[in-house]
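Novice: no sequence for this one, just the structure:
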């Protein structure tokens, strides 16, 4: 059976020896996600709120985020709780993983493993992002992206590249 400790230790592994302060936030995020006790869950939510305010994060434990989450430069990051995110996911300052509320892409994104999201990038709508995808800074993604791709621009331009995230995903689990 999976536990918060497995996910948290994978997150810690991604940071290497840096011992980032954001790991305290991730510890409570993982604990709350797996918690069955209502009172403990409320305590973890309270701790998460403290770190959310400190770092400007909108990441809730109701979301589904795989092992090996790496938050680089942890300020003003938003991840919608209905988003589904794979393993070894990197997200950076100002990035938004959001829900679209109307139109043909109504819903939240599904993101694969080994995905790197750059500074101030936006991924929005009921779209699918494949594995091994690099989303460049300042990119607006509102369309499906196949695996092994680099995405940049607004509207997004998709270029196939084998090992797209090589050198960007450190210490994968």
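Specialist: Yep, it's here. Predicted model only: the values in this text are computed from it and were never measured.
Novice: what's the first-to-last distance across stretch 141-161?
Specialist: 17 Å (CA to CA, to the nearest Å).
Novice: how about the longest helix anywhere in the chain: buried residues?
Specialist: Across the chain, the longest stretch assigned as helix under DSSP state H is helix 38-55. Across helix 38-55, burial judged by 16 or more other CB atoms under 10 Å covers 41, 44-45, 47-48, 51-52, 55. The C-beta positions use only the backbone N, C-alpha and C, and glycine is treated the same way.
Novice: again with stretch 95-111
Specialist: Under the neighbour-count criterion of 16+ other CB under 10 Å, stretch 95-111 has 95-100, 105, 107-111 buried.
Novice: contact partners of the longest helix of the chain?
Specialist: If you take CB atoms under 8 Å, 6 or more residues apart in numbering as the criterion, helix 38-55 is touched by 22, 24-25, 28-29, 31-32, 35, 57-61, 74-75, 77.
Novice: ok, back up a step: among the buried residues of stretch 95-111, name the ones in strands.
Specialist: Among the buried residues of stretch 95-111, DSSP state E puts 96-98, 110-111 in strands.
Novice: so what's residue 10 up against?
Specialist: Contacts of residue 10 (CB under 8 Å, 6+ apart): 67-68, 87, 173.
Novice: The same query, at a cut-off of 6 Å, please.
Specialist: Contacts for residue 10 (CB atoms under 6 Å, 6 or more residues apart in numbering) come out as 67-68, 173.
Novice: if we can go back for a sec, now, among the contacts of helix 38-55, which is nearest to residue 156?
Specialist: Proximity of the contacts of helix 38-55 to residue 156 (CB to CB) peaks at residue 77, which lies at 19.5 Å.
Novice: Give me the neighbour count for that closest one.
Specialist: Counted with other CB atoms under 10 Å, residues neighbouring residue 77 total 23.
Novice: Please apply the same query to residue 72.
Specialist: Neighbours of residue 72 under the rule other CB under 10 Å: 18.
Novice: Give me the nearest residue to it, chain neighbours excluded.
Specialist: Spatial nearest neighbour of residue 72, excluding adjacent residues (CB to CB, 6 or more residues apart in numbering): residue 92 at 4.5 Å.
Novice: Quick check: the one you found touching residue 119?
Specialist: Yes - counting by CB atoms under 6 Å, residue 119 is a contact partner of residue 92 at 4.8 Å.
Novice: Pick out whichever of those two has more residues nearby.
Specialist: Shown here are residue 92 and residue 119; by other CB under 10 Å, residue 92 has more neighbours (20 against 16).
Novice: got a list of what residue 114 touches?
Specialist: Applying CB under 6 Å, 6+ apart to residue 114 gives the contacts 88, 131-132, 165, 169.
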